[in-house]
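*Asks:* following is a predicted model, sequence given first.
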Amino acid sequence: MNEIIESVKDLSIGFNSQKGKQISILRNVSTNIKKGETVGIVGESGSGKSTLALAMMGYIKQGLFPLKGECLFKSEDLLKMSSRQLEKIRGRKIAMIPQNAGQALTPNLKIGYQIDEALKLHTELNKTERDKKISELLNKVRLPSPETMAFRYPHELSGGQQQRVAVAMALAGKPDLLLLDEPTTGLDVTTQAHVLELLRFIAKDTGTSMIYVSHDLGAIAQVSDRIVVMYAGEIVLEGPARKILKEPIHPYTYGLLKSIPKLSLAGLPASMPGSQPQPGSINEGCSFYDRCNLATDNCKKNSPDLEHIKELDTNVRCFNYKELINKNNNLQTSITKKSNNSEANEVLNLKDVSISYAKQKFFDQLLNKISDQNPTVKDINIDIKKGETIALVGESGSGKSTILKSIAGLLKTKDGQIKFENDRILSSDLKMRNPNDLRAIQLIFQNPDESLNPNHTVEQILSQPLKLYFNLSGEELKKNIIDLLKKVRLGEFYMSRYPRQLSGGEKQRVAVARAFAAKPDIILCDEVTSALDVSVQAAVLNLLQQLKEDLGTTYVFVSHDLAVVRAISDRVAVLYQGRLCEIGPSQNVYKFPSHPYTEVLLGAVLEPDPDIKPKLVAEDIVEEKPPEKGCSFQGRCPRKIGDICNSEVPPWQIGENGNAIRCHINIEELASLQQ
Amino acid sequence: MLLLILKRIGLGLITLFIVSLITFVGVEVLPGDACTTYLEREAYGAALDTCIKRLGLDVPAYERYLDWASNVVRGDFGYSLSGEMPINEVLGPRVKNSLVLASVSILIGIPLAIVLGIITALWRDKLPDIMISTITIFSMTIPEFISATLLILIVAIWLGWLPGIVIIPSDATFYELLSNIILPVVAISMIMTAHMARMVRSSVIQVMASDYVQMAILKGVPYWKMVFRHVLPNALLPAINVVALTIAWLLGGVVVTEVVFNYPGLGRLVIESISNRDLPVVQALAIILASIYVGINLIADLMTLMLNPRLKSLQIRK
Ligand SMILES: Nc1ncnc2c1ncn2[C@@H]1O[C@H](COP(=O)(O)OP(=O)(O)O)[C@@H](O)[C@H]1O
Ligand code: SF4
Ligand code: SF4
Ligand SMILES: [Mg+2]
């Protein structure tokens, strides 16, 4: 167990800036990977984790170059090898499992060919042996019908299946070391849990060492023996997984763990101020100085070294780490939020709403109706109270965004009504809505890069709704913009910035400010924190909550992340295949009895705690279409009771605490089953 | 899949029908008719009568259109006024000559463009790229009539290596043609090759930066194998449609070049028949050129459809 496979020594990697300055994005990184060990590398985006992982395969991305140091694989420096030598090592000794398998599989080549290619390169097997091996590998990664799978093209598989193919391909050369770069990011919660489980199994089964790179401490906690925490291109903390996650002795890791919303905790996670510094902007002192609450004057002038603490078997880069030793029992805390007054009036009411993407046939178009017997979204009934945050959760494709688009008027409903304040029916056609209704409902999107016009300054972006809805101009307009920026905690000087000059979190703040500019009654939030790093996510969640408490806005909050939903929402609606499964106050949805689908989702959540393992109760199949009749979850339900599930739509049952569950199993029986 | 092909072909036919209508109506609404236009001041008496008889101008327009169209479908374009013979006889050798010119340009131009595009992409920002890219960008910016004239000036007049003007009859044999078309081919393929090479270059560069190419490298696939299996098929696929457009666009270049080099092809015929006011020939040419245009695009669409695994399986599944 103690044999070192790969050793990184004092590695720095950088690029030349436009001004000809050398800027390093990895600084003095040293670490060792032992045989059979899984090391998790964690850090926010831009912290240099992928650059480090790729360098460990001797691969330096175009534009970058090594400044100093070495990557020793079995005591040979990968960074000095010729491409001939590297071809012999890559895939055979060290193999990579990429972040987005969908993009990492060559689109014009069949799955079988791509695995065969690796086998041909790295083994001595003949054609028939290789064919056998391909099915074996596909079987090992638990893909259905391995024989036919080999003849499929990558785009014919689901995201989880593509990821499995990438794993099979990496295993083909029987590598000693597997590098995984965010292998489950972008997958659905249940799929993610299944893929992680597979990886754990493979590590155990083959004794392969693994380097697991991720921004997600939840995923890291599930697989790692040891964890390396990176910040701004440096290792700031390194040690045994359990120690790092339960008693982090670096202020950054501590803050990071506190900013992760947890299923077991109601209330909002604490956020860290600021954001990671840009490469090249650190001149002297500790790189975490700006955001650190333990910082002293010493930290400003001198940069700490990575110090080895023998009794904890940990390396830490901090002058004041001792203050954190034995003081971390308060990791399990959160900020309580003001809960909503349940007597408030209704602002939005969805009644029997169905939405279809089916193309209208010619005659139906003439009659202006949509004839789809099995629409994407069906029978949605939700009342939303003023000042409430209601969350819609479900895996991708469950119809969350579709419902939001319909509320916003971007998508026509097929049946049913959307009523706004005092039972006024909102037209399902955007053009027919009156300006005041348009103002009252605003949308914030997942990706601010796509929703903010890159050619407009922040001032221009924010002045548009102010001009459009309130006819403001001149001094008054400017005053309002400054006010808005203040609300989202951005200074006045941001007015002249372009989106590209902002960090991800700042961009999302501008998007939030733009939505609030219209003084809306309802804000529809579509996965607004999914693209953000956890520390930034916590800040945006806190901001949204604060604004809501001050202004009384109502949120419809769409997310696939149950922990985030738990943190921000008052009420939760769980969707599967465009049909409601369960709806109720958020504290109850997270308690049993739950709808079997909610149970599956809750079981798959990855907590940043090595002692809480996900419970995988259902297969991670992707269903293309909702079933024609019966319960929407019949295809995957682990508690299915028989034909009635296939033939009849289950009834709503109300539990003791007011959460409604739509299942054929009696609610008390369900409670005792789930004990 | 079959349905889709039929649909595309149908659309192409409709386009051709519309083109034929437009040219026909265009001739109709011009003041005078084909005969008075052609005969000009001699349009009276017996000459006019025989002309009208010959073209059948004495029947109503829609009948004439139907008559003309049904003949065209059967491959008969009618009678040329200036050549005083059936248009088919005028067209035959011209079509052959232009085809020779175009196909030699394409056969040289496309492979050359692809090779240059790949070289510039793989050696991006290195010497080969810088040299080739400078030349391609330069030749993209000069229009044919200038490059053709310059070629004549330099190669034919100053150096005297090749004849500057093609002086061969329109029914010359293939071998006679070949020796005469070097300069026209160079003039035509220069811009086309340059455009396509740029396009191939950027497409290859884009694919080289993709995740799956990085993955192939990290899998240990040797460089050239990676280029041929993982990069080129994906990079050249989107190039097919551009190639088609370029070929279609080449038709225009052929007209100009043929005139400058006095080459007896379809292009020169267009100019000749317009200046002779030989309207039946103009009509015939419009239909022929439009068919070529539609045909090339159709072929490109079908090729993309066949080669793209994404579209292929989509169609099969449906
Ligand atoms: N523009 C579209 N055309 C056809 N189908 C769509 C379109 N957008 C989404 N869908 C389908 O509608 C379903 C719900 O999608 P969506 O609302 O985006 O789900 P979610 O936001 O929960 O991920 C999915 O099956 C998806 O494939
Ligand atoms: S060295 Fe100082 S600024 Fe840096 S993390 Fe430690 S306490 Fe904070
Ligand atoms: S109705 Fe049947 S299939 Fe649906 S959730 Fe309940 S037990 Fe499962
Ligand atoms: Mg969505």
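*Replies:* Looks like it came in fine. Ligands and ions are numbered 1, 2, ... in the order given.
*Asks:* so what's the residue count around residue A:39?
*Replies:* Residue crowding around residue A:39 was assessed by other C-beta atoms under 10 Å in any protein chain shown; the count is 23. All C-beta spots, glycine's among them, are computed from the backbone N, C-alpha and C.
*Asks:* residue contacts, it?
*Replies:* The contact partners of residue A:39, by C-beta atoms under 8 Å, 6 or more residues apart in numbering or on different chains, come to A:31, A:33, A:209-212, A:224-228.
*Asks:* can you name the next helix or strand after the helix or strand that it is a member of?
*Replies:* Element membership of residue A:39 [criterion: DSSP states H and E] is strand A:38-42. Sequence order places helix A:49-55 as the next helix or strand after strand A:38-42, per DSSP H and E.
*Asks:* adding neighbour count, distance to residue B:16 and secondary structure, write the contacts of residue A:39 out as a markdown table.
*Replies:* Listed next are the contacts of residue A:39 as a markdown table, based on neighbours: other C-beta atoms under 10 Å in any protein chain shown; distance: C-beta to C-beta, whole Å; DSSP: H, G, I helix; E, B strand; the rest coil:
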| residue | neighbour count | distance to residue B:16 | secondary structure |
| --- | --- | --- | --- |
| A:31 | 20 | 69 | strand |
| A:33 | 23 | 67 | strand |
| A:209 | 24 | 66 | strand |
| A:210 | 24 | 62 | strand |
| A:211 | 27 | 62 | strand |
| A:212 | 27 | 61 | strand |
| A:224 | 26 | 66 | coil |
| A:225 | 18 | 70 | coil |
| A:226 | 22 | 71 | strand |
| A:227 | 27 | 68 | strand |
| A:228 | 25 | 67 | strand |
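*Asks:* tell me which parts of chain B are close to chain A?
*Replies:* Within chain B, the positions adjacent to chain A are B:209-223, B:229-230, B:233-234, B:237, B:308-310, B:313 by C-beta under 8 Å from any C-beta of the partner chain.
*Asks:* make it 7 Å
*Replies:* B:210-212, B:215-223, B:229-230, B:233-234, B:309-310, B:313 (C-beta under 7 Å from any C-beta of the partner chain).
*Asks:* so how do I select the buried members of these in ChimeraX?
*Replies:* Buried members of the residues of chain B next to chain A, defined by 16 or more other C-beta atoms under 10 Å in any protein chain shown, are picked up in ChimeraX with:
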select /B:210,211,212,215,216,217,218,219,220,221,229,230,233,234,309
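*Asks:* ok, and of the residues of chain B next to chain A, which contact ligand 2?
*Replies:* Among the residues of chain B next to chain A, not one lies near ligand 2 by C-beta under 6 Å from any ligand atom.
*Asks:* which stretches in the stretch 101-250 of chain A count as strands?
*Replies:* Listed in chain order, the strands of the stretch 101-250 of chain A (DSSP state E, counting those that start in this stretch) span A:177-181, A:209-214, A:226-231, A:234-240.
*Asks:* got the angle between the shortest one and strand A:209-214?
*Replies:* Strand A:177-181 runs at 10 degrees relative to strand A:209-214, counting by axes from the mean of the first three to the mean of the last three C-alpha atoms, to 10 degrees.
*Asks:* show the average pLDDT along strand A:177-181.
*Replies:* Mean pLDDT, strand A:177-181: 92.
*Asks:* does chain B sit close to it?
*Replies:* No - Strand A:177-181 stays clear of chain B (C-beta under 7 Å from any C-beta), getting no nearer than 8.2 Å.
*Asks:* which strands or helices does that strand pack on?
*Replies:* The elements that strand A:177-181 packs onto, with contact taken as 3 or more C-beta pairs under 7 Å, 6 or more residues apart in numbering or on different chains; DSSP states H and E, are helix A:49-55, strand A:94-97, strand A:209-214.
*Asks:* need these in CSV (columns: distance to residue B:13 and mean pLDDT).
*Replies:* Formatted as CSV, the helices and strands packed on strand A:177-181 follow (distance: least, C-beta to C-beta, whole Å; pLDDT from 0 to 100):
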stretch, distance to residue B:13, mean pLDDT
helix A:49-55, 53, 91
strand A:94-97, 51, 91
strand A:209-214, 56, 94
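*Asks:* phi, psi of residue A:302?
*Replies:* phi -110, psi 140 (degrees, to the nearest 10).
*Asks:* rewinding a little: deepest of the helices and strands packed on strand A:177-181, which one?
*Replies:* Ranked by mean neighbour count, the helices and strands packed on strand A:177-181 are led by strand A:94-97 with a mean of 28 (mean count of other C-beta atoms under 10 Å in any protein chain shown).
*Asks:* let me know the secondary structure of residue A:57.
*Replies:* Secondary structure state of residue A:57, per DSSP: H, G, I helix; E, B strand; the rest coil, is coil.
*Asks:* relative to chain B, how far out is it?
*Replies:* Distance from residue A:57 to chain B, counting by C-beta to the nearest C-beta, to the nearest Å: 6 Å.
*Asks:* residue A:530 touches residue A:446, doesn't it?
*Replies:* Yes - between residue A:530 and residue A:446 there is a contact at 5.4 Å, judged by C-beta atoms under 7 Å.
*Asks:* mind checking the end-to-end distance for stretch A:199-218?
*Replies:* 15 Å (C-alpha to C-alpha, to the nearest Å).
*Asks:* correction: stretch A:279-298
*Replies:* End to end - C-alpha to C-alpha - stretch A:279-298 spans 22 Å.
*Asks:* out of the strands of the stretch 101-250 of chain A, flag the one nearest residue A:414.
*Replies:* Judged by C-beta to C-beta, the one of the strands of the stretch 101-250 of chain A that comes nearest to residue A:414 is strand A:209-214, at 40.3 Å.
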